[in-house]
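Enquirer: all I have is the shape, not the residue letters:
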């Protein structure tokens, strides 16, 4: 973390000496919530829930971020690697189906240390790496043997959208390279007798207003490239957040229409996609956003 290159920004911040990276974080892990979470895909949450750790900071800068309170670095508490190990074990004791690491990229070295210690102390449930997709393949390689399930966003294949909405023109290339590494590591999807995923990759795509054409490109790319080696999760939960500059981003100032989402689902079906998750009509984005009150930290 001296001259940090964990994410594609490769900002070079000396986080070991207290400098903050693009992610707005230094060398100490910061997290805002560690609790049972019921709102992931059914094979992740199940009936018991997912043991979710929300990390502070982010390597992206999405103007529509639902978790902006933590992604912008405003919420969270510094914890030691030892405390992170304890959190993993506490979530297992609460009956979590897995350990779900949300926005973990900029803390990968510390997470690996904590996971190693936790596994030595009996952590034997799947580990889920829950990422916005802006990853370096080199960083993903570091996780081999520690992560069982990758839950990844593929937000854009359109570099213009990536630059305008997330400040990352290179997002498509970086995300696709990282995804290839994830699939290589995990192999095809695997589930236990309860239907909980124990290995594999789920790629999420959140349909944004005015971005249906790019969404179709993403579905086709995923199906043509990976077929049944992955699951695709098509989400309609986009909701404009109060922090959005609606004058600057007028296309994002409204929810996704039912018609647009139906057209995306119809397109996926026509391609032959069968391994997919979809959301019901009228899903409210806020219902998936927990309170970041340092619960479990």
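Expert: Received it, and whenever you're ready, just let me know what you need. This structure is a prediction, so every number in the text was calculated from the model and none was measured.
Enquirer: just the helices in the stretch 51-200 of the chain please.
Expert: In the stretch 51-200 of the chain, the helices defined using DSSP state H, counting those that start in this stretch lie at 68-71, 81-93, 108-120, 137-142, 159-166, 171-186.
Enquirer: could I get these as CSV with mean pLDDT, mean neighbour count and distance to residue 249?
Expert: For glycine as for every other residue, the C-beta is placed from the backbone atoms N, C-alpha and C. Output for the helices of the stretch 51-200 of the chain, formatted as CSV (pLDDT from 0 to 100; neighbours: other C-beta atoms under 10 Å; distance: least, C-beta to C-beta, whole Å):
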stretch, mean pLDDT, mean neighbour count, distance to residue 249
helix 68-71, 84, 21, 14
helix 81-93, 98, 18, 35
helix 108-120, 98, 19, 31
helix 137-142, 98, 16, 29
helix 159-166, 98, 18, 7
helix 171-186, 98, 20, 17
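Enquirer: make TSV out of these and add distance to residue 296.
Expert: Putting the helices of the stretch 51-200 of the chain into TSV (distance: least, C-beta to C-beta, whole Å) gives the following:
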stretch	distance to residue 296
helix 68-71	14
helix 81-93	6
helix 108-120	14
helix 137-142	25
helix 159-166	29
helix 171-186	27
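Enquirer: out of those, which is closest to residue 46?
Expert: helix 81-93 (13.9 Å; C-beta to C-beta).
Enquirer: so which residues of the stretch 1-150 of the chain form strands?
Expert: Assigned by DSSP state E, counting those that start in this stretch, the strands in the stretch 1-150 of the chain fall at 29-37, 50-55, 77-79, 99-102, 127-131, 149-153.
Enquirer: which one of these lies nearest to residue 109?
Expert: Checking these against residue 109 by C-beta to C-beta gives strand 29-37 as the closest, at 9.8 Å.
Enquirer: what mean pLDDT does the closest one get?
Expert: Over the span of strand 29-37, the pLDDT mean works out to 97.
Enquirer: returning to what we had before: mean neighbour count and distance to residue 208 added to the strands of the stretch 1-150 of the chain, as a markdown table?
Expert: Below are the strands of the stretch 1-150 of the chain laid out as a markdown table (neighbours: other C-beta atoms under 10 Å; distance: least, C-beta to C-beta, whole Å):
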| stretch | mean neighbour count | distance to residue 208 |
| --- | --- | --- |
| strand 29-37 | 24 | 23 |
| strand 50-55 | 28 | 22 |
| strand 77-79 | 16 | 32 |
| strand 99-102 | 26 | 20 |
| strand 127-131 | 24 | 18 |
| strand 149-153 | 25 | 12 |
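Enquirer: ok, residue 290 - contacts?
Expert: Residue 290 makes contact with 33, 35, 37, 54 under the criterion C-beta atoms under 8 Å, 6 or more residues apart in numbering.
Enquirer: try it again with 7 Å
Expert: By C-beta atoms under 7 Å, 6 or more residues apart in numbering, residue 290 lies in contact with 33, 37.
Enquirer: kindly report the same for residue 121.
Expert: By C-beta under 7 Å, 6+ apart, the contact set of residue 121 is residue 89.
Enquirer: roughly how far does it sit from residue 51?
Expert: 15 Å (C-beta to C-beta, to the nearest Å).
Enquirer: check residue 241 too.
Expert: Applying C-beta to C-beta, the value for residue 241 to residue 51 is 26 Å.
Enquirer: likewise for residue 266?
Expert: Taking C-beta to C-beta, one finds residue 266 at 36 Å from residue 51.
Enquirer: now residue 168
Expert: Distance from residue 168 to residue 51, by C-beta to C-beta: 29 Å.
Enquirer: swap in residue 84?
Expert: According to C-beta to C-beta, residue 84 stands 12 Å off from residue 51.
Enquirer: repeat that for residue 22.
Expert: 28 Å.
Enquirer: any stretches of this protein with poor pLDDT?
Expert: Along the chain, the parts satisfying pLDDT under 70 run over 73, 282-288.
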